[in-house]
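> please find the sequence and the predicted model below.
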Amino acid sequence: MSKNLATFMSGRLLTLAIVLAFQIMLVRLLSPREYALYAVVFAVAALMQTSVSFGIQRVIAKYFTKVGWTLSFATVRRLAYRLIIFRAAASAGLMALTYGGARLVGLVPALDAWLVLISAAFIWVLLVQMDADAMAQALALQPLSRACSVGEAAARLLFVGALALSGGPLTAAQVIGVAALTFGSAAVVLLTFVLRGLSSSAEAGDERPLDWSELRKTGLSGYAASLAWFTSSPAVIRLIAGARLPLGTFAGFAFAQTLVTSFQRYTPGSLLLPFVEPVAMRDLDRTGDLGRFEAVLSLLSKIDIALIGAAIVGTGVAGEALVTLMTGGKYADQAFALPWLLAYIMATSIYRSFEIGAVALGATSALVRTLSVSLVWLGIAVLLTERFGLVALLVCPVCDALCRIGALYRDLARRGVRHVVDLAVVGTALGLMISVTVLGRVVNYELAPGMIGRIAIGTFAGVTYMALLATIRPMRATELELVARQSPGRAATALASLARP
């Protein structure tokens, strides 16, 4: 498992570097109008990922890992075909109905037919590619997943760069068309190898039939969990911003949000949870040890608090200089959005730990209540945007995430689970973030350095925050024991000084 995890993480980190280069290239080459169109299409794609997910990712994670064990290769291969067909048909049908209905009631203007067609094709192949990658991960085909992830990002960067060098202004339709081609190619490669792997050992494994009733329940529970955070997701907020904010403000906000969401995909919590979650749940079912279960989730949230917190401090001190450097002088006025967007993903990381705890303990009613909380905050955000503009769209999602955390914390506490997140460490970390950020801004103001100097001070402030956080010894003994059991020797020794007795 550790080798597969290393392969997965190395591929994703390399992809992150390529995607960041791609985003910087786009923001420099596209006009504000074209970049706004590009941002809206990607927001719609993110919305579609949730609205037509139907819990397929959870079904894949649960059933494909049983191939050759309690399910035969032939059974899983048939399931793969059904899921692919269902995803393709449902995605295409819902996109057509959504666009047709929106046009009918006048919610969207008449758009260029070519842009609509290209965007629909991109979204469709993206959804299929996501499922294909999930199948590859569940079948332990991490090298294949890494090759397709890195290859897709690199091909997209090269093709769009070639278009830009060929002369003429670059358009959103061209960029989206290239993305449709590269994601579609990745999906074909992934599905070819997945289905070939399931066919090569068709006689292996138990011939036990699938329990379709259980499978549907698995999918529906996964779907409900996705909808719980969907309401205040970055994609929804981006669409509201596109409808309510001036074009220049929206383009700057979209760039900031793209940077943060790209960063979020590669935070430790986002990277490790797909591996850690099933292991933690299986261990809880087998041993009933709530303390160890809590330690796993608490440890992941603390790692995210340290790293995302450092990014909050760094952008709070030098966000304007960083955006100016990356965009060639564009959108510096919207750089204040970066710390708020990072605060939101840190809060959602903490919420994710609580959500896993709720799923493991069967607290489904608590998850349903969090959806109503999000709907209320979404309404507040829409109402306040008219008066407060972008500020409302930054503050309200953070408040929503905090309220959802509070609701799940109270419900889990009644079930005896109180240490999914170490609240004392979280509170101290927040105090350090605010203090170091204020101090860093004062230093920037007093010294008035150039752009590179401000970024250097921001970087130093982020490192200082992590160093100060280490002095409070944020780890508990149970968390250190967990690290020692999984990575004995150097890792445990290095972290021993961070654990409280």
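That came through fine.
> for the helix or strand harbouring Val44, give the mean pLDDT please.
Using DSSP states H and E, Val44 maps to helix 32-51. Averaging pLDDT along helix 32-51 gives 77.
> all strands for the chain, in order.
Remark: strands of the chain are absent; assignment by DSSP state E.
> which residues touch the nearest residue in space to Ala154 that is not next to it in sequence?
Closest residue to Ala154 apart from its sequence neighbours, by Cβ to Cβ, 6 or more residues apart in numbering: Ile18 at 5.6 Å. Bear in mind the C-beta positions are built from the backbone N, C-alpha and C, glycine included. Shown in contact with Ile18 (Cβ atoms under 8 Å, 6 or more residues apart in numbering): 150, 153-154, 157.
> over to Ala43?
Applying Cβ under 8 Å, 6+ apart, we find Ala43 in contact with 234-235, 238-239, 242.
> let's go with 6 Å and repeat that
For Ala43, the contacting residues are 235, 238-239, by Cβ atoms under 6 Å, 6 or more residues apart in numbering.
> Ala179 and Trp124 touch, don't they?
No. With contacts counted by Cβ atoms under 6 Å, Ala179 stays clear of Trp124, the gap being 11.8 Å.
> so which of those two has more stuff around it?
Set side by side, Ala179 and Trp124 give different neighbour counts by other Cβ atoms under 10 Å, the larger being at Ala179 (27 against 21).
> for the more buried one, what are its contacts?
Neighbouring residues of Ala179 by Cβ under 6 Å, 6+ apart: 122, 156.
> how close does it sit to Leu300?
The gap separating Ala179 from Leu300 is 31 Å, by Cβ to Cβ, to the nearest Å.
> next: Ser91.
Distance from Ser91 to Leu300, by Cβ to Cβ: 31 Å.
> more neighbours, those two?
Using other Cβ under 10 Å, the more surrounded residue of Ser91 and Leu300 is Leu300, with 27 against 23.
> doesn't Gly269 make contact with the more buried one?
Yes. Leu300 sits in contact with Gly269 when judged by Cβ under 6 Å, with a separation of 5.1 Å.
> need the pLDDT of the most centrally placed residue in the chain.
Centroid-nearest residue in the chain, with Cα atoms, centre = their mean: Arg265, separated by 4.4 Å. For Arg265, the pLDDT comes out at 72.
> ok, now the one 3 residues further on?
You'll see Pro268 listed with a pLDDT of 75.
> for it, which non-adjacent residue is closest in space?
Of all residues not flanking Pro268 in the chain, Ile303 sits nearest, at 4.4 Å (Cβ to Cβ, 6+ apart).
> so what's the residue count around the one you found?
Residues near Ile303, counting by other Cβ under 10 Å, number 16.
> and it, how far is that from Ala429?
12 Å.
> cool, and Met95?
For Met95, the distance to Ala429 equals 42 Å [Cβ to Cβ].
> looking at these two, which has the bigger crowd around it?
For the pair Met95 and Ala429, the greater number of neighbours falls to Ala429 (24 against 21), based on other Cβ under 10 Å.
> just the pLDDT for the nearest residue to that one once chain neighbours are set aside.
Spatial nearest neighbour of Ala429, chain neighbours left out: Ile305 (5.1 Å); criterion: Cβ to Cβ, 6+ apart. pLDDT, Ile305: 91.
> use 2 as the first number from now on
Shifting the count to begin at 2 puts that one at Ile306.
> neighbours of the residue lying closest to Val179 once chain neighbours are set aside, how many?
With sequence-adjacent residues excluded and distances taken as Cβ to Cβ, 6+ apart, Val179 is closest to Phe160, at 4.6 Å. By other Cβ under 10 Å, the residues close to Phe160 number 17.
> ok, Phe160 touching Ala181?
No. Assessed by Cβ under 6 Å, Phe160 is found out of contact with Ala181, at 11.2 Å.
> mind checking which of the contacts of Ile19 land in helices?
In helices, judged by DSSP state H, the following of those are found: 151, 154-155, 158.
> which of the contacts of Ala44 has the largest number of neighbours?
Each of those was scored for neighbours by other Cβ under 10 Å, and Arg239 scores highest at 24 neighbours.
> which residue packs closest to that residue, ignoring adjacent ones?
Closest residue in space to Arg239, ignoring its immediate chain neighbours: Ala44 at 4.1 Å, by Cβ to Cβ, 6+ apart.
> for the one you found, give its distance to Ile381.
Distance, Ala44 to Ile381, using Cβ to Cβ: 20 Å.
> and for Leu21?
Between Leu21 and Ile381 the distance is 33 Å, computed by Cβ to Cβ.
> same deal with Arg455?
Between Arg455 and Ile381 the distance is 34 Å, computed by Cβ to Cβ.
> so for the two, which residue has more residues nearby?
A direct count of neighbours by other Cβ under 10 Å for Arg455 and Ile381 places Arg455 higher, at 24 against 15.
> these two touch, right, the more buried one and Glu321?
No. With contact defined as Cβ under 6 Å, Arg455 does not reach Glu321; the gap is 7.7 Å.
> just to revisit the earlier point, got TSV for the contacts of Ile19, with distance to Leu27 and pLDDT too?
Below are the contacts of Ile19 laid out as TSV (distance: Cβ to Cβ, whole Å; pLDDT from 0 to 100):
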residue	distance to Leu27	pLDDT
Val151	19	85
Ala154	13	86
Ala155	15	88
Leu158	10	87
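> for those, which one is nearest Phe256?
Nearest to Phe256 out of the contacts of Ile19 is Leu158 (Cβ to Cβ; 17.0 Å).
> leaving out chain neighbours, which residue sits closest to the closest one?
Nearest residue to Leu158 in three dimensions, chain neighbours excluded: Phe23, at 4.7 Å (Cβ to Cβ, 6+ apart).
> kindly report the same for Ile381.
Distances taken as Cβ to Cβ, 6+ apart place Cys397 nearest to Ile381, at 5.6 Å, with adjacent residues excluded.
> ok, the one you found to Phe87 distance?
In terms of Cβ to Cβ, Cys397 sits 35 Å off from Phe87.
> Gly428 too?
Per Cβ to Cβ, Gly428 is found 45 Å from Phe87.
> and the helices in the stretch 252-401 of the chain, which stretches?
Using DSSP state H, counting those that start in this stretch, the helices of the stretch 252-401 of the chain run over 269-288, 291-328, 338-361, 365-389, 391-415.
> nearest approach to Gly459 belongs to which of these?
helix 291-328 (2.8 Å).
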